[in-house]
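Undergrad: whatever this is, show me its structure:
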Amino acid sequence: SNISVLAANDNSVPDGKFSEFYGQDLEYHMDSAYVRKLGAKLVRNQAAFAWYTVEPQKGQFNWSTTDEFVKRTKKDGMQCLAVLGKWPHWAAQEPTDDEKANMQKYHDSFTSWKHKDINDWRDYVYQTVSRYKDDVKYWEIINEVNFKAPYNAAAFTGTNEEYAQLLKTAYEAAKEADPDCVILTSGFTSNSSADPTLPLMLTGSEYADGYFDVYNIHGYNGTKVWENAVANLRENNPSAALFMDEYMPMAYADGDEKAFNNILSEIGFMNLGAEKYLNMGTWSDNFLDITTESPTLCYQATGIFQNSIRKCDEKLPSYTFDGDGIFCIKECFKRTDGKYLSIFGSTVGKNIVIEFDGRPAAVYDIYGRKIKGSDGGVNAKVAFNSLVYIVTDEPISVTGVSYDTKNKIANSGFEQTSASGDADGWTKREYGGTA
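TA: Numbering: from 1, shown residues only. Model (predicted):
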């Protein structure tokens, strides 16, 4: 078994706006304690709000599971991001044999069939948002809906236009129930077996009013695949917010790789302009060892990162300097106490030494271990592997970089990602699974 040691919140330094940035997927049966210790302020759940959960028979609502989840989330001091969707059998229209034959992959599950009657959908959305309007403000409209016909139809057997109709109907019903609620598009996937046209379509100007408040994406293939869509969104719908609400570093077998790439992904979407970032680390062994239920290296590293950026109010432009090519992370944040947090990370170097002007107030590695300079005291020459945090009175000026070459590392499985910059040394493989 492992033990994760995360420092208590330093109340002497006020929290900044980035204390609200991180969220976490939370399954209904899970204790939220380990999520709260990461500093998560927002938790995402699908099953508790699914249509088949709350209305298993037409007009017969069962709120027991959802009530319990919302009550527990509120008691734990966290907000909830609820995912609407997952049809009950009575409300779902089975595709015809011809429609099934025209799909690249058909999944025989009524929860992904399209609706029979959009008025039933409207009622489900209205009733659910109305019941929880005092406690739930964020509503996502169907998870990874572009796993859809005529591609891999794991989430939806309808067309782009039919999803747009569902989205608009949900927006109108939810705003009627709670004018202050926030409507998210589906968390779109960039998986190659999914429909790439729907996410881009909804960034058009014709969908800028009355469809959604937040454009929502998933991070398994990094930020680059989303750059065109986000650019269109900024041009056609500048008032829309951007969220990334699902990522987990399952592509990496090694614990250190998982830990590094979890941070790399979060910084990447921060640089893309996301206002919220939600991790799905509850699955598999990303945050908890599945045999011992003890915390992993990834959990420890994520906790250190969140504890560090929660004291920050502003992200400054990424550093540039001679020798910066080995770094895929080279970020600077301004803290609420006026100090500056610098973060440097590399996948291609080891025994990295950064020299810079000034004397740091604190230096620590990816797992929160203090780092000292070569003379035995903390100074302006810092040696590290992987990733380092440096707290100073001013943004640092790097005067020298040296390192040893790290061998390239291959990985296996799931949806491989390179978040920001070039994560040299990882071989991409793509997952062809379902939503």
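
Undergrad: run a quick neighbour tally on the closest residue to Ser397 other than its chain neighbours.
TA: In space, and not counting its chain neighbours, Ser397 is closest to Asp357: 4.7 Å by Cβ to Cβ, 6 or more residues apart in numbering. C-beta: built from backbone N, CA, C; applies to glycine. Neighbourhood size, Asp357 [other Cβ atoms under 10 Å]: 11.

Undergrad: what helices and strands are in contact with the worst-scoring helix or strand of the chain on mean pLDDT?
TA: In the chain, no helix or strand scores lower on mean pLDDT, DSSP states H and E than helix 33-36, which sits at a mean of 86. Of the remaining helices and strands, none touches helix 33-36 by 3 or more Cβ pairs under 8 Å, 6 or more residues apart in numbering; DSSP states H and E.

Undergrad: and it, what's buried?
TA: Buried residues in helix 33-36, counted by 16 or more other Cβ atoms under 10 Å: 34-35.

Undergrad: run the chain-centre distance for the next helix or strand after it.
TA: Once the chain leaves helix 33-36, the next helix or strand it forms, by DSSP states H and E, is strand 42-45. Relative to its chain's centre, strand 42-45 lies at 11 Å (Cα atoms, centre = their mean, to the nearest Å).

Undergrad: and strand 42-45, what's buried?
TA: Those buried within strand 42-45 under the rule 16+ other Cβ under 10 Å are 42-45.

Undergrad: starting at the chain centroid, how far to the next helix or strand after that strand?
TA: Sequence-wise, the next helix or strand downstream of strand 42-45 (DSSP H and E) is helix 51-54. Remark: helix 51-54 is offset 25 Å from the chain centroid, using Cα atoms, centre = their mean.

Undergrad: quick one: buried residues of helix 51-54?
TA: 51-54.

Undergrad: so where's the stretch 1-150 of the chain uncertain?
TA: 1 (pLDDT under 70).

Undergrad: strands along that one, start to end?
TA: Secondary structure of the stretch 1-150 of the chain, counting by DSSP state E, counting those that start in this stretch: strands at 22-25, 42-45, 79-84, 92-93, 105-106, 114-115, 138-141.

Undergrad: tabulate those strands in CSV, adding columns for distance to Ser192.
TA: Shown next, in CSV, are these (distance: least, Cβ to Cβ, whole Å):
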stretch, distance to Ser192
strand 22-25, 23
strand 42-45, 24
strand 79-84, 23
strand 92-93, 27
strand 105-106, 12
strand 114-115, 23
strand 138-141, 23
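
Undergrad: out of those, the one nearest Tyr364 is which?
TA: strand 22-25 (18.9 Å; Cβ to Cβ).

Undergrad: partner strands of the closest one, with direction?
TA: Using DSSP bridges, strand 22-25 pairs in its sheet with strand 42-45 (parallel), strand 276-279 (parallel).

Undergrad: quick one: Ile141 and Leu81 touch, right?
TA: No - look at Ile141 against Leu81 with Cβ atoms under 8 Å: they stay out of range, at 11.7 Å.

Undergrad: which of the two has more neighbours?
TA: Set Ile141 next to Leu81 and count neighbours by other Cβ under 10 Å: Leu81 wins out with 29 against 26.

Undergrad: so what's the more buried one up against?
TA: Residues in contact with Leu81 (Cβ atoms under 8 Å, 6 or more residues apart in numbering) are 23, 42-45, 138-140, 184, 245, 278.

Undergrad: out of these, who's nearest Tyr171?
TA: Trp139 (9.2 Å).

Undergrad: so the closest one bridges to which residues?
TA: Beta-bridge pairing for Trp139 (DSSP bridges): Ala82, Ile183.

Undergrad: what count of nearby residues applies to it?
TA: Around Trp139 there are 27 residues (other Cβ under 10 Å).

Undergrad: start at 9, not 1
TA: Right, with 9 as the first residue, what we last looked at is Trp147.
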